[in-house]
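In: Got a sequence here, can you build the structure:
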Amino acid sequence: MFFKQKQNNKKEKVIASFTQKLGMVCLRSLKEYIEKNKIAKCYIIIPNLPHQNVINYAENISQIEIVITPDFKQEIEKIKKLYSGSRIEIINLENFGERNMMRDAT
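Out: Modelled structure (predicted):
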């Protein structure tokens, strides 16, 4: 009896995330998610420049890159082309992690 060895897909994991306003709560949740799931790169696409404290915090997380553009879809397509051989996860930060829990009503 032969057993097939489990094939490990060593595809790089990349996140393309977007939100209208970026804050510390989003970054804390993303940092935890990145560490837990071994994400290679995380792009945060936002229409406006965030507060300086948010930028400083993001600079300390090596995998995160903030992209400022009004067109989310176009930027996500660029990321898909750039990482064509990788697994890309698209995340709406409005409904992600701690930020989503804060809006949870019981």
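In: which residues of the protein fall in helices?
Out: Counting by DSSP state H, the chain has helices at residues 24-37, 52-59, 72-82, 97-102.
In: Reformat those helices as CSV; add mean neighbour count.
Out: Bear in mind the C-beta positions are built from the backbone N, C-alpha and C, glycine included. Output for the helices of the chain, formatted as CSV (neighbours: other Cβ atoms under 10 Å):
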stretch, mean neighbour count
helix 24-37, 16
helix 52-59, 13
helix 72-82, 14
helix 97-102, 13
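In: among the ones you listed, which is nearest residue 43?
Out: helix 72-82 (5.7 Å; Cβ to Cβ).
In: Pull the closest one out as CSV, backbone CA atoms only.
Out: Only the C-alpha atoms of helix 72-82 are listed here, as CSV (Å, rounded to 0.1, in the frame of the first residue of the first chain):
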residue,chain,number,x,y,z
PHE,A,72,-9.0,50.3,-5.4
LYS,A,73,-9.9,47.9,-8.3
GLN,A,74,-7.1,49.1,-10.6
GLU,A,75,-4.5,48.8,-7.8
ILE,A,76,-5.7,45.3,-7.0
GLU,A,77,-5.3,44.3,-10.6
LYS,A,78,-1.7,45.6,-10.6
ILE,A,79,-1.0,43.5,-7.5
LYS,A,80,-2.5,40.4,-9.1
LYS,A,81,-0.2,40.9,-12.2
LEU,A,82,2.8,41.5,-10.0
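In: Which elements pack onto it?
Out: With contacts taken as 3 or more Cβ pairs under 8 Å, 6 or more residues apart in numbering; DSSP states H and E, helix 72-82 sits against strand 13-18, strand 41-46, strand 87-92.
In: quick one: average confidence on stretch 42-60?
Out: The average pLDDT within stretch 42-60 is 95.
In: What of stretch 14-23?
Out: Mean predicted confidence for stretch 14-23 is 92.
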